[in-house]
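>>> Here is my input, please return the structure:
(one chain, ligands or ions: 1)
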Amino acid sequence: MTAILGISAFYHDSAAALVVDGDIVAAAQEERFTRKKHDPGFPANSVAYCLKEAGLKAEELSYVAFYDKPLTKFDRLLETYLAYAPKGFNSFRLAMPLWLKDKLHMRRTLRQRFRMARKTPLVFTDHHESHAASAFFPSPYDTSAILTLDGVGEWSTATYGTGEGNKLRLLGQLQFPHSLGLLYSAFTYYCGFKVNSGEYKLMGLAPYGTPVYYDLILERLIDLKSDGSFWMNMDYFNYCQGLTMTNDRFAKLFGGAARHPEAVLEQRHMDVAASIQKVTEEIMMRMAREVQRETKMKNLVLAGGVALNCVANGRFLQEGPFENIWIQPAAGDAGGALGAALFVWYQLMGNPRQPGGQDSQKGSWLGPRFSNDYIASFLGEMDALHERFTDEADLLDCVAATMAEGKIVGWFRGRMEFGPRALGARSIIGDARNATMQATMNVKIKFRESFRPFAPCVLQERVQDYFAFRPGQESPYMLLVAPVLERHRTALSEEDRKKMTEAADLRQRVNVVRSTLPAITHVDYSARVQTVDEKRHGSFYRLMKRFESLTGCPVIVNTSFNVRGEPIVCTPQDAYRCFLATDMDMLVLEDFVLRKERMSEKVTAREREKHLAQFELD
Ligand SMILES: [Fe+2]
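Residues are numbered from 1 along each chain as shown. The predicted structure follows:
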């Protein structure tokens, strides 16, 4: 037996993954255990979970793989500091203590943190090799082009190459400070969202704007070549030398200072978002065309934080040049842990790889699960009133009927997802046809006021009835945006049309009913689709089937099981607390169902506030 533990840590989104004889046995992100969003610390809980899942002790590991090369990264920090010295001293000084303590002495750190045996070989894979491995090896393709795009690893910020059988080869790269990830993050920062987590909000804001700054960005900020490579004009950015992403010159260019996180969103911010989104798509399309031209491959796999830009991914789907595309669901640095482990198994050990019809990511349901016995005893301890279903069909009937009444259900079944999206194991679900669902879910469950619609889950066999998808195209990881088909769109009244363009409050715009599925249709008629199939999704698929036979509708709303700023729930305890602290109507914990209306003990406003106060607004 060969057991390989992959680890990513000390940057953001720490995680561990375990590959045993080529099989992805477990993977989880540290934030889910520590309840600290994007936890960058050593993933002690994730490692412990992975070992427990496989029934292994730390001494039994054949290899430990770390997802990047600390020394090379240190070298990059040092060189960047020297190039900008003495200006960069502050950021350099803040980064140093952690480097000297943990990062440069990784072997010692690992041995101290989880008793890794002295003899266990420790492998450091290159940051982008880890991303590339996480994209190619679990994919369903025997051969594929590879594209990785992120902020920065050691020096690379983007790489491309090919994967064939059990080997991948990187052929070219872009280097720091020229980075699509950092460029996008700079605009994320400028528009008042959190860097490394608010990027999807910027993407969600873009449909409200007009890309009026597109040419300006190409003229002043970047020099974009026809092959998709580019140089950034560092006169406008501050991330090499300071603690912010952009500087005064940048602010002047876009007509004002960076937006304060809780300040009003102005049309200018929407236009800036639309512009950088268009630039990003243009860069990615050019890169893809170049990579296709050079590699002649018909498949493309993607990873790296930028691969979470599902609007850009959706354009690959609509426009090519590749016939097929697969994206690693844990595309950010958490997925580097999985990539590093797979890299050792295939690339270094040379084990054969036989891709089947489906990818080997197992729906990305790779995290902890909890037995009915465990849940029964927990509910007993809590003295929580519940029903237990012994027949799955009865459970699904009950849940589907509740959803059809417009109620909101917390759905907790099976293994927790690996990657930033809830994919039907830790999800809050509801009826997508309901005109007030978007507002209700946001205000009563998430405690946020969002200008973005929710994402839909659709039965795989019916995706083409609702969304512009190619025949056979799947999106099991919710990483592709596609238009809602014309026939499901509804005509707007003159008043609604006016509201859509002029309402200062974006929530009023998003709440205008534009389709038969208002909860999931964005202002530009796009939707971030997850396709659901029985092989991957089991009882979640069967629940949707039941909902379909009840209502005729194969689409539901799926949002992550958490409140604003909280990591997605991991344990039944997390789910129960979140259920109590919100206005969710029903909670499903494996075979158990709890109904809010029947709970004798209602949570007080003070307890709710206490729960919410634990999480920093994101
Ligand atoms: Fe990365």
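
>>> Now do the contacts for the residue in the stretch 1-150 of the chain that the ion sits nearest to.
Proximity to the ion, evaluated over the stretch 1-150 of the chain using C-beta to the ion, is greatest for residue 150 at 3.6 Å. All C-beta spots, glycine's among them, are computed from the backbone N, C-alpha and C. Listed by C-beta atoms under 8 Å, 6 or more residues apart in numbering, the contact partners of residue 150 are 128, 131, 157, 158, 179, 181, 304, 305, 306, 332, 333.

>>> The stretch 201-350 of the chain: helices as residue ranges?
Using DSSP state H, counting those that start in this stretch, the helices of the stretch 201-350 of the chain run over residues 214-216, 248-253, 267-295, 310-319, 334-342.

>>> Need the winner for burial among those.
Ranked by mean neighbour count, the helices of the stretch 201-350 of the chain are led by helix 334-342 with a mean of 33 (mean count of other C-beta atoms under 10 Å).

>>> for the protein, where's the lowest mean pLDDT among helices and strands?
helix 89-101 (a mean of 59; mean pLDDT, DSSP states H and E).

>>> Buried residues in the helix or strand just after that one, which are they?
Using DSSP states H and E, the next helix or strand after helix 89-101 towards the C-terminus is helix 106-114. Neighbour counts over helix 106-114 (16 or more other C-beta atoms under 10 Å) mark 106, 109, 110, 111, 113, 114 as buried.

>>> Select from the residues you listed the entry with the lowest predicted confidence.
Across the set of the buried residues of helix 106-114, residue 106 stands lowest in pLDDT, at 74.

>>> out of the contacts of residue 150, who's near the ion?
residue 333 (C-beta under 5 Å from the ion).

>>> ok, and the most crowded of the contacts of residue 150?
residue 131 (35 neighbours; other C-beta atoms under 10 Å).

>>> I'd say residue 353 and residue 342 touch.
No: in this structure residue 353 lies outside contact range of residue 342 using C-beta atoms under 8 Å: 9.3 Å.

>>> Overlap of the contact sets of these two?
residue 137.

>>> Now the closest residue in space to residue 207 that isn't next to it in sequence: which helix or strand?
Residue nearest to residue 207 in three dimensions, not counting chain neighbours: residue 524, with 3.9 Å by C-beta to C-beta, 6 or more residues apart in numbering. Using DSSP H and E, residue 524 maps to neither a helix nor a strand.

>>> What of residue 407?
Going by DSSP H and E, residue 407 is not in any helix or strand.

>>> Tell me who's in contact with it.
So residue 407 contacts 430, 585, 586 (C-beta under 8 Å, 6+ apart).

>>> among the residues you listed, who's most crowded?
Going by other C-beta under 10 Å, residue 430 tops the contacts of residue 407 with 25 neighbours.

>>> and that residue, what are its bridge partners?
residue 557 (DSSP bridges).

>>> What number of residues are in the vicinity of the residue nearest to residue 207?
15.

>>> okay but it is in contact with residue 209, surely?
No: Residue 524 is beyond contact range of residue 209, at 10.3 Å (criterion: C-beta under 8 Å).

>>> gap between the nearest residue to residue 390 once chain neighbours are set aside and residue 63?
Using C-beta to C-beta, 6+ apart and skipping the chain neighbours, the partner closest in space to residue 390 is residue 591 (7.1 Å). Taking C-beta to C-beta, to the nearest Å as the measure, residue 591 and residue 63 are separated by 38 Å.

>>> Likewise for residue 258?
Distance from residue 258 to residue 63, by C-beta to C-beta: 44 Å.

>>> Apart from its neighbours in sequence, what residue is nearest the closest residue to the ion within the stretch 251-400 of the chain?
Proximity of the stretch 251-400 of the chain to the ion (C-beta to the ion) peaks at residue 333, 4.6 Å away. Counting by C-beta to C-beta, 6+ apart, residue 333 lies nearest to residue 13, which is 4.7 Å off, once chain neighbours are set aside.

>>> Might you report the residue contacts of the one you found?
29, 30, 31, 38, 39, 40, 332, 333, 334.

>>> Ok, residue 330 next?
15, 27, 29, 134, 338, 364, 418, 419, 420.
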